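Undergrad: sequence and predicted structure, then a few things I'm wondering about:
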Amino acid sequence: MINLINPSELLPLVKVTILIAEGLYAIFAFIVVRQTSLMNKTFQTGAGLLLNLFSRTHFFAVLGLFVLTLIIL
């Protein structure tokens, strides 16, 4: 019973799962950027520039993390 799951066979599945999850999160971050830019076009506030900056910074950080994960894995 102990030898049912071999860790060397499970590792590629874990790597692919991590890449898929990070890819989906990158898509989510891109949608957040689009939504904040759309919000700033329709409703102008003083914090709009700051929110747009945060959303873009978040998106580029997610892309950087995704590329780093591709290199490491």
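TA: Okay, I see it.

Undergrad: continuing past the helix or strand containing Asn40, what's the next helix or strand?
TA: Assessed by DSSP states H and E, Asn40 sits inside helix 7-42. Counting by DSSP H and E, the element after helix 7-42 in chain order, helix or strand, is helix 48-72.

Undergrad: buried residues, that next one. List them.
TA: Ser55, Phe59, Val62, Phe66 (16 or more other C-beta atoms under 10 Å). Just so you know, the C-beta spots here come from the backbone N, C-alpha and C atoms, and that holds for glycine as well.

Undergrad: what does stretch 39-47 give?
TA: Within stretch 39-47, judged by 16+ other C-beta under 10 Å, the buried ones are Asn40.

Undergrad: identify the residues contacting it?
TA: Gly48, Leu49, Leu51, Asn52 (C-beta atoms under 8 Å, 6 or more residues apart in numbering).

Undergrad: quick check, nearest of the buried residues of helix 48-72 to Leu73?
TA: Using C-beta to C-beta, Phe66 comes nearest to Leu73 of the buried residues of helix 48-72, at 10.7 Å.

Undergrad: right, and that closest one touches Gly23 too?
TA: Yes: counting by C-beta atoms under 8 Å, Phe66 does reach Gly23; the two are 6.9 Å apart.

Undergrad: coming back round to it: same list (the buried residues of helix 48-72) but as TSV, adding pLDDT and distance to Leu11.
TA: Shown next, in TSV, are these (pLDDT from 0 to 100; distance: C-beta to C-beta, whole Å):
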residue	pLDDT	distance to Leu11
Ser55	96	34
Phe59	97	29
Val62	97	24
Phe66	96	19
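
Undergrad: just put these in TSV and tack on distance to Phe30.
TA: Converted to TSV, the buried residues of helix 48-72 look like this (distance: C-beta to C-beta, whole Å):
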residue	distance to Phe30
Ser55	10
Phe59	6
Val62	9
Phe66	11
